[in-house]
Structures are given as structure tokens and as C-alpha cells.
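>>> Got a predicted structure here, sequence first:
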Protein chains: 2
Amino acid sequence: MDRNRAPVRVGMLGLGTVGAGVADVLQGKDSSLGRRLGRPIVLGKVLVRDLNKTRSVPSGLLTASASDVIDSPDIDLVVEVLGGIDPAFDYVRRSLVNGKHVITANKELMANHGLELLTVAQEHGCDLFFEASVGGGIPLIGPFRQDLAANEITEIHAIINGTTNYILTRMTEDGASFHQALEEATEKGYAEPDPTNDVDGHDSAYKLAILASLAFGGPVPPEAVYKEGIRHLSTVDFDYARELGYTIKLLATSKRDAGGVEVRVHPALVTRDYLLSQVSGVENAVRIKGDLLGHALFAGRGAGPGPTSSAIVADLIDLVHNINSGTHARIPARFDEGLVIKPMSEVISRYYFRVWVADRAGVLARIGQVCATTGISIAALVQKEADPSSGTAEIVILTHAAREADMQAAVAGIAGLEVVDRVATLLRVEDLTDED
Amino acid sequence: MDRNRAPVRVGMLGLGTVGAGVADVLQGKDSSLGRRLGRPIVLGKVLVRDLNKTRSVPSGLLTASASDVIDSPDIDLVVEVLGGIDPAFDYVRRSLVNGKHVITANKELMANHGLELLTVAQEHGCDLFFEASVGGGIPLIGPFRQDLAANEITEIHAIINGTTNYILTRMTEDGASFHQALEEATEKGYAEPDPTNDVDGHDSAYKLAILASLAFGGPVPPEAVYKEGIRHLSTVDFDYARELGYTIKLLATSKRDAGGVEVRVHPALVTRDYLLSQVSGVENAVRIKGDLLGHALFAGRGAGPGPTSSAIVADLIDLVHNINSGTHARIPARFDEGLVIKPMSEVISRYYFRVWVADRAGVLARIGQVCATTGISIAALVQKEADPSSGTAEIVILTHAAREADMQAAVAGIAGLEVVDRVATLLRVEDLTDED
């Protein structure tokens, strides 16, 4: 191998926790990377907000001006770890237009502008890689683009937010309330001070939009993803779920059939003996079903500087292999399919719901009647002893597969019954096995 | 994209279950593959043993002469699904020398001759891909070569033989004996008429040798892999394992530290709340630990025509991307490290062993003395009620970490005690968690 090839000069946008992790790897593994790639990988300019903060990167490399990275003729490849759309979108776009390859960890950016940026990259003879945008260090973008490419993918079931999986694990294993578990996650640094982005499903929705686009070969706008968070989950639902053989997970689900593509993020009851249901704590996992493959599951740490650096530096190595081979856009982006996104009302699922009712005769008959009228078929029912002080009883019902719109009509009908106090919870059920 | 590029003409060596699966995909997905790759993928000659057997491939494409595939100027790319070394090694080598790219599913070939064949490929400007050689449709070779490339990998723990995992699952879940479970596996077509290759660990050893070579960047000869099969496992060991919080799996383990690389295939007790222990039936799974990544797990179907075709056709797509980009050997094979393979006697592990002893006072003291002398520290001990008719009792001991040589000395010493009937089982214990 020619060891005298010109170095690849890496510019970085951002030097937060993840950025510092990447910089540490590039500086710490520089000799092994250089040996393996046949040319030196050199850290050039790094954009930071505060030039005076102490950092592990030599201060001579720091700059407060983005132009020193994205417009500089001395930078070949840009690593973007700013997060968010503004100014990341503009910086990434300009880098590509300036003929620089880009590696980004930015899920929000790729979910919203992936197609546009990949097109710009292709037009300017550059590569845009984004393995770190979903699932941290778990290889996902690579497998979706390459290893699974022979398959028609039909299903994705993913746990792609570590914060919520940690909270749900605490609620499952320790009977903690949502607020207790959230507090614990915040103390451990797994939840942000404002946890909205995680607990309301936005983070999972961005990642699912990216995975579904890759799997189905067409654009999936993140705003088309149905989102329901985990704030409303009650400890009693975890007890019932266990009793019925399920675990509650925040599941990012995408399926494709002749009717279109469904994309949804919501808590779901997952069969307990199914591998995905065993993924606990801050772990992430993605299960894929394809026509040849059957199914496969990828699990690991979905966040943190180590796993994210693993993905970013892998992208960098892959990109330098392309540079060494004199190629780019080796695997063309496939966004050619016009995907029809199914409205949530058309989704078919099984359901779990919990109702508080008056403790008297005929209540079940009335509920059963509403279900029959709306086309909902009951698969299992649990009724515990009534509470004599309030004169109310709690009923939990598992349904057979039904259309979301019909289920919503049933819930509205049941909630309106004079004998019903309230429908406390409505959750979807995913009956997956490792056998199919 | 230029849709008028010359077709890629695929020759096949072998048309058994897997080969027929690949041929079906190439014929069934030809238009979608051609559209995506910008050039037609055409099935050319197919080597078969019996020209008269009815097949899904047009009879005009069949040949009984290997030369029609490997020496033909009309074939650009060869898919080898013969299995075994002879004549596959010669055919693959000649194909590469003739300038043809090769995709192989042959674990025995790649484990024994991978380095040599990859070198021949590089010398002749060809690619040699082998994703299907390990773990069926689960992406492993791709992730090891690309997605995990930024990591120093330190550990591999794998369940990479579906036959034995099916047998062990039946023994765990139904209390079946080895022979009952093997019979069931044979009936279902999961075990070959002669199950030696699977149940004695040879198949796992080939696959582990391939994975360890890729992970550690040096040749790992399959004969260097320590092998112990599952024939000697008794149902009672499964009961004790469960009681102690473990599941018994046939584990392929490779670790690297300053002292060298250990490579071993043997049954092991795996912590029950650990994801790998939940991988059941014919499923395969590989867990990798790296310095940046932490750990990641890849699971799915490890065999069968569908999963294997998924891997072979993905390799084919990747190879055509290389052809379209005018590149090959884009990721150079890394076999540059001179690996020291640790002898099994130097391996450090925890151990489980089961002993039949005379039911009288002082026995435990004598066993404890042997352990102390040989440097084995006891972590847990279970003794059940003695069998009054025989006057013997069964003791199960879990040890702390010890050197294999010391443990073997302890077992020999204990077996030689006058109060000991026999050491019935000695198994290694892997205390893995999903947290590390």
C-alpha cells in the first residue's frame, strides 16, 4: 500500500460530548488509522462556540468561524455534530457544495432534509454518511443500505430511544411511577433537563423516518410519523401487561403492504418471550423483517460519545476507502419510490384498554354491545374485585386485530356509556415471535 | 443512471437447497435488481452433478463441467455454494485467477484458506465476498469489516450453530435428553443424518475462526480453536443451571488481551438475564465488545435458503456497486497482525462442576482441600439429599475465575479422591451482562 498518499484533513462542526469523543479517537488512534488506510487522517479546524473553554483539542485548531471549516481549501471532510437544523443544514449543504465529504450524527437534519442533502452530495461528487444518526454504535444504516439490500423489507420494530427504554424498564422491574423513573433517569444523565424530545416520541420519530426511508426507498417525512409518548402510562398497566404475558415498550414501528407504509411511535405491549421485549435499560434494538432474511435483530448502546464515535469513525474509514478507490456515491441513494403513508386511522393492530366502570350488573353486556357495533372482537378480559368504597370496578380488555378508526369509535362509545366512569388507557399490542 | 451498461453474467457452482434459493432470487428479482444497479444481472451457466434432475433453472443453463463456469469468458462473477474444500478451493482459486469475482457461502473453505484466497483475489483485481459463510442472513462480515472498523474488538461471544441451539433449547425448555432432542432436530430437518459436524462443534469452530480473523486482523486457523461438543450434557445439568440463574448454550468465544487471542467452542453456562441467553431454537446471535462501541448483538436465522440467499445476493449487489464504480478490493483484507493463539490451558474462566461422592462426613473438606491446593476458589455449592440406596450424593460447585490448567488439575485431584465416585460434568461459565 502506498503510504505516501496525501493526508485526509478532517474539519469538525461542534465539540460537545460527542464531538470531543470523536476528536479523542482521531487523535488517539491516528497511527493505527493511518497505517490501515494508507494515508494520515489529520484533525484540522474545529468549530466551537467558546474559544476559551479548556479542551482536549490543541487550541490552535479551534475556531469560532464556521467558514474556517466549511469553506476552507485545507479541509477535505467535515464531521457535523452540532445537532438541530439551524445552522447545521446550511453548514452541511455548503460543505457539500464546496466539494467536501460530510459525516453527520444529526437525526433531525437527516430526517427532515436527508433526500435534499444526499442529492446535493451526489451532484457535487461527494459522499454524505450518517450511520451515527440512528442507534449510536449499532450498525444500522450500513446494513440497511448494503447487507439487507437483497430483501423486500416489510417490517421494522425498534426501540430507538434509550431514555424512554430506561424509564419503562424501571417501571416494569421496580414498579416505579413515570415521574419517579424520569427523575432517576435525569439523575443518571440519561434524560435531558427538558425531556420532551425523548418522552413524547419526537427523537424516535426522527430515527424511524430515516430507517423507513432507507428500508422502503422513498422519502418518509418525520411529521408523517404518528407519535404518542409515555407520560400517561400508569404502574397498573405494567402489572396487567405482565399478567397477560407482555412487556410495555416505546416501539417505533413501520410496516409496508400493498396499501402503503405505516410509521408510528407509541407505547406498545410486546410479547414477553420475544427477544425485543428483553432489551432493557438504555439499550436500543431494531428488528427487521425481510422476504429472504426472515427477521434479524440488532442491539446495543444507542447513545453516548463512545458508541457515537464508533459510528462516525467507521463512516470516516469507509469514506477514506472510497477516496482511496477514487469513487464516491458508490451506493446511490434510493429515494425513487413514491411512498403512500397510511393515515393512523387505517392502521390494523390489536389493542389493550382499561376501563373504570360502575360495579353493577349488565356493564359487560353494554361494553360488549359497543364493541360488536364498532366491529371490535374481544380476545381476553380481566376483571378484578371491585372497590366497595367507590362502587367502581376496573376492567382490562385485549382485542383481536382491528382498524384504529374502529377502535377509537369503540373507545368513544364506551366512554359515553352511563355505566362507564372513564377509559383510563388505550395501548396497542404487537404479537411478535422469533419464529416467524 | 446509465441503463445500457453491460450485464453482469453470474455463474454458479452448485444448485442444492441454497443454490436453488439464490437462483430463484436472481430470476425472480431480476428486474428490480437491474433497475437498482443500472445494469442487468443475468444467470449464466450453473454447475450441477446431475443434468437430468428437474430444477427451477432452465436446463440450457445447466452444465456438468466446472470449466463452463470458472474458465468461461462469458461469466463475470461466480457464486460458490458447493461446500467443503475439495473441489471448491480449486474452483474458487481458478475463478479468481481467471479474473472473475467470487461470492462464497463456504465457511470451511474461508476458515481454512481465506487468507490465501483473499490474496489471490487482490493480486488478480477481483473481489472475494463471503457474508453467507457465517450466520446466514445476519449481517456479520459487513459489520466486522466496515461498521465496527473504528473499534479495537476485545470479545466475541456467539451462538453460530442453529442445530445445537435447537437441541439445547429443547433440553432447557422441555427437559428432553440429548438423544430425544437430537432426534426431534433430525425429524424437523435441523440436523443432518450424521450430526457430528454440528454437535461436536466443528461448524461453530469454522465460523469462529472467520469472525476472529476479521475482528483481530490476523489468521486464526480453525484447528487452533478448542472444541467441545454437547453430547455429554445431562438433563440434570440444565436443572442445576436454571437453579443457579444460568442457561446452557454452545458458545463460540474469542477474546483478545495482551497475552494473545483465545478461541474456543464449548457448552457454557450463560447468565439468564443476559440477551444472548434468550436466543432460542435455530436462531443465531453474535455479541461483540469493542473499545468504543461497548457491546452490540446481532441475531437472526443462521441458515436456510432464504437467509443464505439474502447474504449472497447482498454481496452480489455490493460487488456490482464496485464494478459500477470501477473499483475492487475497496476494503483491503487485514491479515497483517501476527496473532498469538493462547493454548486452552492458559484460558481464564469460571467453572461449574458436578461430582458424585460418598454420602459421609468429611467429603466436602477433602474436595475443598484439593481446590485450595490447585488454586481454585469456590463461589457457590449445592448439595441435594443423598440417594440412600447407593449411599452417594451429588454436589455441584461454581468456582471463581481460574486458569483452565489449574481447574483440570483440581478435577483430576478430586476424581482421584477415595471418597469421590466421579466428576460427572465440567462446564465453563460466562458471566456476561448487557450493562458492560
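That came in fine, so what should we check first?

>>> Who are the contact partners of the residue in the stretch 301-436 of chain A positioned nearest to chain B?
As assessed by Cβ to the nearest Cβ, chain B sits closest to residue A:313 within the stretch 301-436 of chain A, at 3.4 Å. The way it works is simple: take the backbone N, C-alpha and C, and place the C-beta from them, glycine included. Remark: with contacts taken as Cβ atoms under 8 Å, 6 or more residues apart in numbering or on different chains, residue A:313 is in contact with A:22, A:25, A:26, A:29, A:33, B:149, B:150, B:292.

>>> And for residue A:11?
For residue A:11, the contacting residues are A:44-47, A:68-70, A:72, A:75, A:77-79, A:100, by Cβ under 8 Å, 6+ apart.

>>> What is the helix or strand harbouring residue A:355 packed up against?
Element membership for residue A:355 (DSSP states H and E) is strand A:348-358. Packed against strand A:348-358, as judged by 3 or more Cβ pairs under 8 Å, 6 or more residues apart in numbering or on different chains; DSSP states H and E, are the following elements: helix A:235-243, helix A:363-374, strand A:392-399, strand A:402-403, helix A:404-415, strand A:420-430.

>>> who's in contact with the third one?
Think strand A:392-399. Applying Cβ under 8 Å, 6+ apart, the contact partners of strand A:392-399 are A:236, A:240, A:244, A:350-359, A:363-364, A:367, A:371, A:376-387, A:407, A:421, A:424, A:429.

>>> Narrow these to those that are buried.
Among the contacts of strand A:392-399, those classed as buried by neighbour count (16 or more other Cβ atoms under 10 Å in any protein chain shown) are A:240, A:244, A:350-359, A:363, A:367, A:371, A:376, A:407, A:421, A:424, A:429.

>>> Can I get the lengthiest helix in chain A as PDB, trimmed to CA atoms?
In chain A, taking DSSP state H as the definition, the longest helix is helix A:305-325. In PDB, the C-alpha atoms belonging to helix A:305-325 read as follows (Å, rounded to 0.1, in the frame of the first residue of the first chain):
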ATOM      1  CA  PRO A 305     -19.700   9.500  23.000                       C
ATOM      2  CA  GLY A 306     -18.100   6.000  22.600                       C
ATOM      3  CA  PRO A 307     -20.900   4.400  20.600                       C
ATOM      4  CA  THR A 308     -21.500   7.500  18.500                       C
ATOM      5  CA  SER A 309     -17.700   7.900  17.800                       C
ATOM      6  CA  SER A 310     -17.700   4.200  16.800                       C
ATOM      7  CA  ALA A 311     -20.300   5.000  14.100                       C
ATOM      8  CA  ILE A 312     -18.700   8.300  12.900                       C
ATOM      9  CA  VAL A 313     -15.200   7.000  12.700                       C
ATOM     10  CA  ALA A 314     -16.500   3.900  10.800                       C
ATOM     11  CA  ASP A 315     -18.100   6.200   8.300                       C
ATOM     12  CA  LEU A 316     -14.800   8.100   8.100                       C
ATOM     13  CA  ILE A 317     -12.900   4.800   7.400                       C
ATOM     14  CA  ASP A 318     -15.500   3.900   4.800                       C
ATOM     15  CA  LEU A 319     -15.200   7.300   3.200                       C
ATOM     16  CA  VAL A 320     -11.400   7.100   3.000                       C
ATOM     17  CA  HIS A 321     -11.700   3.700   1.400                       C
ATOM     18  CA  ASN A 322     -13.800   5.500  -1.300                       C
ATOM     19  CA  ILE A 323     -11.300   8.200  -1.600                       C
ATOM     20  CA  ASN A 324      -8.500   5.600  -1.900                       C
ATOM     21  CA  SER A 325     -10.500   3.800  -4.600                       C
END
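
>>> Now do the strands in the stretch 201-350 of chain A.
Listed in chain order, the strands found in the stretch 201-350 of chain A under DSSP state E, counting those that start in this stretch are A:226-227, A:246-257, A:260-271, A:283-290, A:294-301, A:348-358.

>>> Figure out which of these is closest to residue B:115.
Proximity to residue B:115 (Cβ to Cβ) singles out strand A:294-301 among the strands of the stretch 201-350 of chain A, at 28.2 Å.

>>> Roughly how far does residue A:171 sit from residue A:187?
16 Å (Cβ to Cβ, to the nearest Å).

>>> Which of those two has more residues huddled nearby?
For residue A:171 versus residue A:187, neighbours defined as other Cβ atoms under 10 Å in any protein chain shown are more numerous around residue A:171 (22 against 9).

>>> I'd say the more buried one and residue A:179 touch.
No. In this structure residue A:171 lies outside contact range of residue A:179 using Cβ atoms under 8 Å: 10.4 Å.

>>> follow-up on the earlier one: how far off centre is the strand holding residue A:355?
Mean-position distance between strand A:348-358 and its chain equals 27 Å (Cα atoms, centre = their mean, to the nearest Å).

>>> Can I get that strand as CSV, trimmed to CA atoms?
This file holds the C-alpha atoms of strand A:348-358, laid out as CSV (Å, rounded to 0.1, in the frame of the first residue of the first chain):
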residue,chain,number,x,y,z
ILE,A,348,-54.6,-2.5,11.9
SER,A,349,-53.5,-3.5,15.4
ARG,A,350,-54.5,-5.5,18.4
TYR,A,351,-55.4,-3.3,21.4
TYR,A,352,-55.3,-3.3,25.2
PHE,A,353,-57.7,-1.0,27.1
ARG,A,354,-58.5,-0.4,30.7
VAL,A,355,-61.9,1.0,31.8
TRP,A,356,-63.3,2.1,35.1
VAL,A,357,-67.0,1.0,35.4
ALA,A,358,-69.8,1.1,37.8
